[in-house]
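Trainee: take a look and give me a structure for this.
(2 chains)
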Amino acid sequence: MKGASVGYLTREGFRNIWVNRLLSLATIVVLVSCLVIVGSGALIFLNISSVLDLIEDQNVVMVYIEDNADETAMDTLKVQLLALDNVSDVQFVSREEAFERQKAAYGDKASLLDGLTADILPNAYKVTVKDIEQFDSTVATIKQLENVLQIHENSELAGKLASIRNAVSYISLGVIAILFFVSMFIVANTIRITIFNRRLEISIMKAVGATNSFIRWPFMVEGILLGLFSAVLALGIEYGVYSVASIWLSDVMSMLGGDVVSFNEYIWYIFGIFVFIGVFIGAFGSILSLNKYLKEHNNVVENQ
Amino acid sequence: MLNLIQFDNVSKVYADTNTKALSDFSLNIETGEFVFIVGSSGAGKSTLLKLMMREEVPTSGYININGYDLNKMKKREIPYFRRTLGIVFQDFRLIPNMNVYDNIAYAMRVIGARENAIRKRVPYLLGLVGLNSKARSKPSQLSGGEQQRVALARALANNANMIIADEPTGNVDPKMSYEIVDLLNHINADGTTVIMVTHDLHLVKTFNHRVITIKNGVIESDCPDASHIDVEPYRFENPEDAVGSYFVEEVGEDLDYLVENYAADVAEEVAAEDVSSVTDFFSEEGGEEE
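Mentor: Predicted coordinates:
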């Protein structure tokens, strides 16, 4: 294709949008709605994710050590713990420390512990787990190590968190996939109507010997442009919606001890997704319709 | 002479309805010929045109047009083959929201012609069909005859060496029919092959070219002239009625316009030829009638 043709065909694409402006507007509205829903889904997911991160960070297992373990045995255990894939941090908590903490926790009634010494408590390692989904298997592995007296863990919480995260990601993916196909279908239909409006031109193009790629290009350009417009518009609307929602969200988040995920942090990421989805849907929607049309209507001699 | 169109024992059966549109059809048309194809509806004319445009492929037999073997042609070669043909339809098929200039330019644009080539070619074509003064008119502002002339100019835009006209006069009155075929005649005189499908035997008689009659999918007769057709040719009381607006009013204006627009010499030639031959024709015919 020559340079001059690309210019002409691109102009034709712009012209199509203008000539069918009502339909173009309808397509943009639908695409923008889909993109905003996808974007909102992603932002909700990001926020839930950050809450889960917060909780996971506090996700520790207390590994109590056998009383008869000597220094070397304890060091060996520490090395073994650190060597586990799913362990991010191991801290030694001596029985003295634990005893002091226990006293502090009793506050006024600390005198109750007066007759006792730290010897009643075991030494322990405070182990931080990386991936909460593998929590159970990690705990099982730790139990089998030597010199481990007992493990104190909260696997129920870990399980819940993991399943929430899974559910959230599956639901978001499902919603995105459904919207993706819905918008593609709608764009394909819009382009089908513009094709219908231009069937005379298409039949003339075929009669005078325009190649299929030449016939296709303006519709492709039209679809891609609609996708791009929608992406930009959706980003603006998403920004506004999220700003308002943040006010409400920040209450919830501060209750959980976190902060609302900042839009600016993810703005390019979201814009990238919007442009990708918009352009992909636009281009494929138009190609699907046009290929179908060109296959079904190949007559030149008789008017369609 | 070179065979421009060659049909060898071509049959066409439509599978879906199992109708036999053409059977054992053989035909040769040479470069520079003017051929009328006549026949009642359902005789196979449409199928013939569809095969010529490579919209359909024959069930059996061999077709060669313009040196293209249509049996072996690949799908992606079809557009390039069609550029060598110019087609004109009964319903004109002009794009209503484009003016005359753009309608003609459109045929060049969609095959990727450069804008400066278009700027040279379109005024020449407008001059050829005598419509330079209407370049900015919309099709709806033109008469049927004028619209068909625009369609003809469009068919010629990409230097086709053959015009296929599918009942080009079906939607216009006899006077304008005459104008259109007369124009085709002049285009033919410059070396372009013309194949015209028509119902109008008066026109066939008037222009007296080779006539191929199709009936039930076979050639009933193929005569070098129209002497066997027993109808009266068109005669107009007043010669200007037939060709009035086209030649008398517009030629002067066109020439001025064309002198400024590249193709002046050709237009001058065309205009001079047109006027003399048409007036000659009518003075003869008119003389007899009186």
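Trainee: nearest residue to residue A:242 other than its sequence neighbours?
Mentor: Excluding its sequence neighbours, the residue lying closest to residue A:242 (C-beta to C-beta, 6 or more residues apart in numbering or on different chains) is residue A:263, at 5.0 Å. Bear in mind the C-beta positions are built from the backbone N, C-alpha and C, glycine included.
Trainee: distance of that neighbour relative to residue A:246?
Mentor: Residue A:263 sits 8 Å away from residue A:246, going by C-beta to C-beta, to the nearest Å.
Trainee: same thing with residue A:134?
Mentor: Distance from residue A:134 to residue A:246, by C-beta to C-beta: 33 Å.
Trainee: which SS class is the residue nearest the centre of chain B?
Mentor: Chain B has residue B:165 as the residue nearest its centroid, 4.1 Å off, counting by C-alpha atoms, centre = their mean. Judged by DSSP: H, G, I helix; E, B strand; the rest coil, the three-state class of residue B:165 is strand.
Trainee: just want the most central residue of chain A.
Mentor: residue A:42 (5.1 Å).
Trainee: could you check how far that one is from residue A:258?
Mentor: Look at residue A:42 and residue A:258: by C-beta to C-beta, they are 18 Å apart.
Trainee: before we move on, what about residue B:12?
Mentor: Residue B:12 is 75 Å from residue A:258, by C-beta to C-beta.
Trainee: which of these two has more residues huddled nearby?
Mentor: residue B:12 (22 against 17; other C-beta atoms under 10 Å in any protein chain shown).
Trainee: part of a strand, is that one?
Mentor: Yes - assigned with three-state DSSP, residue B:12 falls within a strand.
Trainee: which stretches of the chain form strands?
Mentor: You didn't say which chain, so I picked chain A. A:60-65, A:87-93, A:124-129, A:148-152 (DSSP state E).
Trainee: sorry, I should have been clearer: chain B.
Mentor: Using DSSP E, strands in chain B cover B:3-14, B:19-30, B:34-38, B:60-65, B:68-69, B:85-88, B:162-166, B:193-198, B:210-215, B:218-223.
Trainee: and those strands, which is most packed in?
Mentor: strand B:85-88 (a mean of 26; mean count of other C-beta atoms under 10 Å in any protein chain shown).
Trainee: what about the closest residue to residue B:215 other than its chain neighbours, distance to chain A?
Mentor: Spatial nearest neighbour of residue B:215, chain neighbours left out: residue B:43 (5.3 Å); criterion: C-beta to C-beta, 6+ apart. As judged by C-beta to the nearest C-beta, to the nearest Å, residue B:43 and chain A stand 15 Å apart.
Trainee: repeat that for residue B:144.
Mentor: With distances taken as C-beta to the nearest C-beta, residue B:144 is found 16 Å from chain A.
Trainee: which residue, other than its chain neighbours, is closest to that residue?
Mentor: residue B:172 (3.9 Å).
Trainee: show me what counts as buried in stretch B:170-186.
Mentor: Buried residues in stretch B:170-186, counted by 16 or more other C-beta atoms under 10 Å in any protein chain shown: B:170-172, B:175-186.
Trainee: need the mean per-residue confidence for it.
Mentor: In this model, stretch B:170-186 carries a mean pLDDT of 88.
Trainee: give me every residue in chain A lying close to chain B.
Mentor: Within chain A, the positions lying close to chain B (C-beta under 8 Å from any C-beta of the partner chain) are A:1-2, A:4-5, A:8, A:200-201, A:203-212, A:214-215, A:298-303.
Trainee: out of those, name the ones that lie in helices.
Mentor: Among those, the ones falling in helices (DSSP state H) are A:4-5, A:8, A:200-201, A:203-208, A:212, A:214-215.
Trainee: please name the residues that touch residue B:138.
Mentor: If you count contacts by C-beta atoms under 8 Å, 6 or more residues apart in numbering or on different chains, residue B:138 has them with B:96-100.
Trainee: between these, which has the most around it?
Mentor: residue B:100 (28 neighbours).
Trainee: residue B:139 is in contact with that residue, correct?
Mentor: Yes - using C-beta atoms under 8 Å, residue B:100 is in contact with residue B:139, at 7.2 Å.
Trainee: need the overlap of contacts for these two.
Mentor: residue B:150.
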